[in-house]
Every structure is written in C-alpha cells, then in structure tokens.
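Undergrad: Fold the following for me, if possible:
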Amino acid sequence: MFTIAQEKLPTAQYLKTEFFFIMSNYGYSSPTAKTSGLIVEDPLIQDGKIMKHHKRFGDFLLVFTDRWWNGGGQSTFHLQNIVGQQILLWSMTYSGSYNKIAIPTLMGALRTTYNAREFCGGRGPNMYPSDDKTMTYFNTYDGDFSHFSANEKILGKVGEEQRLLGGHYCWGGLHTLTVSQKY
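TA: Residues are numbered from 1 along each chain as shown. Below is the predicted model of the structure:
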C-alpha cells in the first residue's frame, strides 16, 4: 500500500460519474461489450469473465474492474501507482444467478439505470418489463453510492406459471478512509 494526500483523491461524486460512464459504455450490459474486446475470460475463476477500464488520474491510474461468474461477482475502483500498488476506493459485491433466458431482461434493466445515470444500488430500476412482456425485473434497494444494498430478481412466465428466473443480492460502498471530501 502507498500513501496519497487526501486532497489528491477522487471524490465520491467523481467515482459515481465514472461508474455510470464505464458501465453504460463498456460494462456487461453495454450493447458493444462482447465485441469491444474489453471483456475476457478470467484466468483466476472457472467460467468467469473480467472487464478492466483504466483512466489517468493525476499521477495515478484509476482502475475499474468488473468480474463475474456463475453465482456472483464484484466491481471495484482502485488507484494504482507506477509500481502497481493499489488503494481500494469503492466496491460492490453481488451473489446469485440467473437462468440464461432472463439475461437479456437483466441487461436491459441495467442499461436503463446506467444510461440514465441513476444509482439504484448499482443495479436496475425498481421494475423493468422484458420487451415481449413475458418477464419482469424487480429491484429493491437502500442507500446511495457511498453505502448501499440491493435485492433484484426476474419473474417470468413458464407455460401458465409465474416463476423466479433468478436474482442477485448486492452490497457495497465507499472505503471512506481513502476517499476525498474536497477534490
């Protein structure tokens, strides 16, 4: 770990703005995510995927990492110096899974909030119907970017029955000792 003056750290608002920019343009739910080359197989997790986005921030790199696998995932912001040491600034962890038929609805729900720059526990809106109206995404969340939890699920019609097609529980926030209040 390295030290950095408090006034040289990014603010929560800056990180939140970057989160929406990255997720709407490069993240899992982005229409160009699979063709951008940014999402690759995660060498550390079987059947896992990883996406990294770097941006210069003063003398450091601001590194956003999103990794997911069957059963959950984690998103983080770090500041990294030239020798690779990192300071964790923010994180979001989620656990759960979805049936493959629900993934397009999940991606649509996530795109809705990321593109609108609405932070709903890091996930989608309160309710989002699938394009064909056979599935509905629901999200209940508490808190804001600095400290939050969310519980999302997708219900869908299978024959004449309404069934749970998956869900995630999410939580996270700022690592407050390292985030500036001024910059």
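Undergrad: Would you mind listing where this structure has pLDDT under the threshold?
TA: 1-2, 83, 176-183 (pLDDT under 70).
Undergrad: In it, mark out all the strands, start to finish.
TA: 39-41, 49-57, 60-69, 71-80, 86-98, 127-129, 135-144, 147-158, 161-174 (DSSP state E).
Undergrad: Which one of those lies nearest to R117?
TA: strand 135-144 (13.1 Å; C-beta to C-beta). Glycine gets a C-beta too; all of them are placed from N, C-alpha and C.
Undergrad: And for the closest one, what's in contact with it?
TA: Around strand 135-144, the neighbours that count as contacts under C-beta atoms under 8 Å, 6 or more residues apart in numbering are 101-102, 105-106, 108-109, 119-121, 123-130, 148-157, 165, 170, 173.
Undergrad: Show the buried residues in those residues.
TA: 102, 105-106, 108-109, 119-121, 123-125, 128, 130, 148, 150-156, 165, 170, 173 (16 or more other C-beta atoms under 10 Å).
Undergrad: still on that earlier bit, looking at the strands of the chain, spot the one closest to Y26.
TA: Once the strands of the chain are compared by C-beta to C-beta, strand 49-57 is nearest, at 5.6 Å.
Undergrad: quick one on the thing from earlier: arrange the strands of the chain in JSON lines, one row each, with distance to I4 as further columns.
TA: Putting the strands of the chain into JSON lines (distance: least, C-beta to C-beta, whole Å) gives the following:
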{"stretch": "strand 39-41", "distance to I4": "29"}
{"stretch": "strand 49-57", "distance to I4": "10"}
{"stretch": "strand 60-69", "distance to I4": "7"}
{"stretch": "strand 71-80", "distance to I4": "7"}
{"stretch": "strand 86-98", "distance to I4": "7"}
{"stretch": "strand 127-129", "distance to I4": "39"}
{"stretch": "strand 135-144", "distance to I4": "24"}
{"stretch": "strand 147-158", "distance to I4": "22"}
{"stretch": "strand 161-174", "distance to I4": "15"}
